[in-house]
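>>> Below are the sequence and a predicted model; questions follow.
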Amino acid sequence: MKSTKSRALALAFFTVIYNMLEGGVAMWGAALSGSNALLGFGLDSFIESLSGMVIVWRFWKYDPTADEEEIEQVEQKAARLVGYSFFILGGYVILDSGYALYQKEVPETSPMGIGLAIASLIVMPVLFLLKYRLGKAIGSRSLVADSKETLACLLLSIALLVGLGAHALWQIWWIDSVAALVIAALILREGYETLEEAEDAECSELPAD
């Protein structure tokens, strides 16, 4: 149990620290270059760290000696909070991508932005698999949901790189924004399903009349 708690906390702390560093670098680059793309990337990273913070709270509060009812109550609260973070992230992506489409913003080719996106392509798949497998192994809905938010970060980075490539090769400016809107819809659906599962688990524990 203690080993499980330590592994979950290590993954959660890494998620938060990585996203905060990624967001900080992106915001610093945006301040130097005036890049709206880097600004959006940084804000996105900060929002994604919310889910990791919830998992830190969930497993920091988790006591291996607690009874199953206490553990389940903490798990339900954590799952709901992660579900809400999906809505925050999805809502932001919709607003940001919708505004880019409305303004017909051309993707900005920033070496720093490309570097950050490539780093996400390397780090996020590994982080997703580790969290997903651990969450499934210990039956933690909140950790599984958090892993899917990490996957969303990976998909958004792919959309950014695809958009930059499409613009460089064929002068198509809208692909990354449209792809981000599709990903946002998936993010919102995952948030809804996470909240629904938490509510179903809570209802199943209520005593029958």
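Nice, thanks for sending it over.

>>> Could you use CA atoms for every contact and neighbour count after this?
Fine.

>>> neighbours around the nearest residue to Gly163 once chain neighbours are set aside, how many?
In this structure, Gly163 finds its nearest non-sequential neighbour in Asp176, 4.2 Å apart by CA to CA, 6 or more residues apart in numbering. The number of residues packed near Asp176 is 27, by other CA atoms under 10 Å.

>>> Please tell me how far Asp176 sits from Leu188.
18 Å (CA to CA, to the nearest Å).

>>> What segments of the protein are strands?
In the chain, no strands are defined using DSSP state E.

>>> So for the least confident helix or strand in it by mean pLDDT, what gets flagged as buried?
Every helix and strand in the chain was compared by mean pLDDT, DSSP states H and E; the lowest is helix 175-205, with a mean of 83. By neighbour count on 16 or more other CA atoms under 10 Å, the buried set for helix 175-205 is 175-181, 183-185, 187-192, 194-195, 197-198.

>>> residue ranges for the helices of the chain, please.
2-33, 36-61, 68-103, 111-138, 141-170, 175-205 (DSSP state H).

>>> Least confident of the ones you listed, on average?
In terms of mean pLDDT, the lowest-scoring of these is helix 175-205 (a mean of 83).

>>> what angle sits between that one and helix 68-103?
Going by axes from the mean of the first three to the mean of the last three CA atoms, to 10 degrees, helix 175-205 is angled at 160 degrees with respect to helix 68-103.

>>> And helix 175-205, how far out from the chain middle?
12 Å (CA atoms, centre = their mean, to the nearest Å).

>>> Taking the centroid of the chain, which residue is nearest it?
Glu149 (3.1 Å; CA atoms, centre = their mean).

>>> give the contact list for that one.
Counting by CA atoms under 8 Å, 6 or more residues apart in numbering, Glu149 touches 48, 51, 86, 187.

>>> measure the residue lying closest to the second one once chain neighbours are set aside to Val56 for me?
Once flanking residues are discounted, Ser51 sits nearest to Val82: 5.3 Å by CA to CA, 6+ apart. Summarising the geometry, the distance separating Val82 from Val56, computed by CA to CA, is 11 Å.

>>> Next, count neighbours for the closest residue to Val54 other than its chain neighbours.
Counting by CA to CA, 6+ apart, Val54 lies nearest to Ala78, which is 6.1 Å off, once chain neighbours are set aside. Neighbours of Ala78 under the rule other CA under 10 Å: 27.

>>> The one 5 residues further on now?
The local packing count at Gly83 equals 28, with neighbours defined by other CA under 10 Å.

>>> Can you tell me, leaving aside adjacent residues, what's nearest to it?
Closest to Gly83 by CA to CA, 6+ apart is Gly191, at 4.4 Å.
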